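K.L.:
Have a look at this prediction, sequence included:
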Amino acid sequence: MEGLTIYQGGSSKEPKNQVSLSQKAETGFVSPAADHLQKPLDLEELIVKRPAATFYVRAEGDAMKPSGIHDGDILVVDRSVQARDGQIVIAAINEDPTIRRLVKRGSRLFLISDDPKFEPITIRSDTNWMIWGVVTHVIHRYKP
């Protein structure tokens, strides 16, 4: 299993870093877009629906790279979302966390990597496992 770094979600109303969608200085004419500027964009407000149930995970490894989850990405995880077939989840197998897709085939459950070089994890009645939450967003740096 790959290692994961887990971060607690911020639920306080302390001042946050916000991206301001405004101009810093004019060097010539005033932009026609100046009248259409919006309030500052709060990324946490945009992606976190339930702060008390949300935590963040730094992905490690390439098991979910075909789904756009790269080594070092930050995943937004919601514990309050009921995991369904086909969703990407953070699960613990014998207390070791992993990022996998939950797949149901008939009455059987699997945790599957989206990279075929990784073997599926079959969930049996004696498997010590738990779903910690459903991945709702992936944050990664765009590298041109």
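P.N.:
Now that the structure is in, tell me what you want to look at.
K.L.:
Could you use CA atoms for every contact and neighbour count after this?
P.N.:
OK.
K.L.:
where do the helices sit along the protein?
P.N.:
43-47 (DSSP state H).
K.L.:
Run through the bridge partners of the residue most central in space within the chain.
P.N.:
The C-alpha lying nearest the average C-alpha coordinate of the chain belongs to residue 75 (CA atoms, centre = their mean; 2.3 Å). With DSSP bridges as the criterion, residue 75 is bridged to residue 57, residue 138.
K.L.:
Please look at it and residue 60 and confirm they touch.
P.N.:
No. Counting by CA atoms under 8 Å, residue 75 does not reach residue 60; the two are 10.8 Å apart.
K.L.:
how long is stretch 71-82 from one end to the other?
P.N.:
End-to-end span of stretch 71-82 (CA to CA, to the nearest Å): 26 Å.
K.L.:
Repeat that for stretch 119-128.
P.N.:
This stretch, stretch 119-128, spans 18 Å end to end (CA to CA).
K.L.:
chain center to that stretch: distance?
P.N.:
Put simply, stretch 119-128 sits 23 Å off its chain's centre (CA atoms, centre = their mean, to the nearest Å).
K.L.:
Outside of that stretch itself, list whatever touches it.
P.N.:
For stretch 119-128, the external contacting residues (CA atoms under 8 Å, 6 or more residues apart in numbering) are 93-95, 108-113, 129.
K.L.:
in that stretch, what's buried?
P.N.:
Residues residue 120 are the ones in stretch 119-128 that count as buried (16 or more other CA atoms under 10 Å).
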